[in-house]
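[1] what's the 3D shape of this:
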Amino acid sequence: MKDVLPYFLFFIFVENVLDLFFEEDLSWNDSFTSVATGIVSKTWDLLLAGSFIAAFEYAGTCYMWNNYRLLDYATDNKLASFLCFLMVDIAFYIDHRLTHEVSILWLGHVQHHSAEKFNLIGNLRLSFLKIYRTWTYLIPMGLVFPPQMLFFHLQANNIYQFFLHCKYVPKLGPIEWIFNTPSHHRVHHARNPKYIDMNYGGVLIIWDRILGTFVEEDEECFYGLVHPVNSNDPTWIQLHYIYDMYLKWKQQTTWSHKFQSLLKGPGWRPGSPRLGFIAEIPEPVKGDSKTRIDPPVASSLNLYVVVHCVMVIGSVFVFMTKYEKDNTNKVLALYLLLCYLSITILGRIYDRKKYAYGVELFRLLFLVAFTWTNEGSMVQFLRSICVASSGFMITKIMEPPESILVRA
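    Numbering: from 1, shown residues only. This next block holds a predicted model:
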């Protein structure tokens with residue numbers, strides 16, 4: 001996936017340029033939160049057991065194929081490759097549908113649907129928990145398909161799905177009878193009652209058509225969760241549903257209902273169908289996203305967050321490239337932890353939390369002190385930005401809270 005990342009970034013850039021001309025309601029907050037959530041997801045993958053699980057997933061698939069495969073054929077067999085493509089896609093459909101229809105699995109997917117805008121950058125809103133689930137069906141598939149074939153189709157499936165999030169692609173005619181398209185995926189991300197829990201497909205839409213989960217896009221789509229998160233903090237985006245599940249568990253009066261609250265749909269409650277009452281979901285209205293997304297902050301704060309977000313992203317790429325293969329390197333853990341804390345603080349600034357300024361000032365001063373003996377030209381440049389930013393933060397600490405809102 002690293003090989004295609006530059007192309008992803010290029011298309012994200014092109015879409016954002018188009019937004020400047022065609023998007024009526026730009027939201028820097030929402031875009032920042034998508035980037036930040038992606039950084040947090042990757043950081044937790046590396047700091048926790050995500051990398052180990054990924055290695056276990058691949059090693060387990062290799063072990064199955066090398067020792068217990070049910071079929072023996074050349075790894076470049078065209079028919080086997082086509083069947084593998086179909087199996088990966090139906091496995092994705094089943095996994096995707098389960099994450100929507102089982103509350104405890106929704107915990108590992110709700111992040112992806114939390115964006116109020118539908119765009120390519122929203123792809124970055126991924127859960128760090130996904131890798132803890134996919135091995136359960138990928139390893140058994142090693143009984144039939146060689147690992148190189150299986151993981152090729154898995155990566156190809158993921159790359160294809162990136163482009164499903166392009167909002168500027170219209171309906172594509174007969175192609176949509178078989179293949180999943182941006183139009184079909186817009187439906188999947190929409191919170192319109194008629195679109196809830198529909199169009200789960202990855203590359204193919206035929207599974208939805210066969211299994212009764214297909215809906216055509218025939219009315220304007222409104223995006224985001226039915227109950228918005230109301231936060232730009234990527235940590236809260238990742239974990240808020242744990243708190244929601246806890247509250248729902250606590251509200252139940254019997255043990256049966258408590259466990260049903262985990263194993264049935266997120267919208268379930270005692271007396272309702274398994275997935276809840278669709279009729280209880282409010283109909284969205286045009287312009288309501290302005291009440292669901294925090295109002296914009298002052299331009300100076302927008303610029304500040306963008307600059308420091310770029311610095312954090314650069315740090316993540318540098319240390320992933322330089323240290324990711326060295327699992328014992330403590331510098332990796334330290335820098336990733338620092339990047340994670342940095343991006344979380346920036347999210348809190350977007351949430352207009354007054355305490356975030358003091359924490360951000362401490363972060364800046366720590367970075368200056370930590371790099372003080374480093375004489376590299378790039379480090380010196382970044383350190384000068386941190387020094388200037390410290391002065392800016394001091395002025396923000398001294399301002400009244402309402403000053404952080406955009407001025408009319």
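
[2] mind checking how far the residue nearest to Ile281 when sequence neighbours are not counted is from Glu280?
    Distances taken as C-beta to C-beta, 6 or more residues apart in numbering put Pro193 closest to Ile281, at 4.4 Å, once the chain neighbours are dropped. Quick note: C-beta positions are derived from backbone N, CA and C, even for glycine. Relative to Glu280, Pro193 is positioned 9 Å away (C-beta to C-beta, to the nearest Å).

[3] and the two? which has more neighbours close in?
    Shown here are Pro193 and Glu280; by other C-beta atoms under 10 Å, Pro193 has more neighbours (15 against 11).

[4] quick one: contacts for that one?
    278-279, 281-283 (C-beta atoms under 8 Å, 6 or more residues apart in numbering).

[5] Buried among those? Need that as a selection in PyMOL.
    In PyMOL, a selection of the buried entries from the contacts of Pro193 looks like this (16 or more other C-beta atoms under 10 Å):
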select buried, resi 281
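
[6] Can you tell me which of the contacts of Pro193 comes closest to Ser114?
    For the contacts of Pro193, the residue nearest Ser114 by C-beta to C-beta is Ile281; the value is 16.4 Å.

[7] Of the contacts of Pro193, just say which sits nearest to Leu48.
    Ile281 (34.1 Å).

[8] The closest one and Glu217: what is the separation?
    Per C-beta to C-beta, Ile281 is found 18 Å from Glu217.

[9] What ranges in the stretch 101-250 of the chain fall below the confidence cut-off?
    Along the stretch 101-250 of the chain, no part satisfies pLDDT under 70.

[10] how about the strands in it?
    Applying DSSP state E, counting those that start in this stretch to the stretch 101-250 of the chain gives no strands.

[11] Which parts of it are helices?
    Ranges of helices in the stretch 101-250 of the chain, per DSSP state H, counting those that start in this stretch, are 103-106, 131-141, 147-163, 182-189, 206-211, 234-251.

[12] what's next to the third one, contact-wise?
    Read that as helix 147-163. Contacts for helix 147-163 (C-beta under 8 Å, 6+ apart): 1, 4, 8, 11, 58, 61-62, 65, 75, 80-81, 84-85, 88-89, 92, 120, 123, 138, 141-142, 169, 180, 182, 185, 202-203.

[13] change it to 6 Å
    With contacts defined as C-beta atoms under 6 Å, 6 or more residues apart in numbering, helix 147-163 is touched by 4, 61-62, 65, 81, 84-85, 88, 123, 141, 202-203.

[14] Perfect, that will be all.
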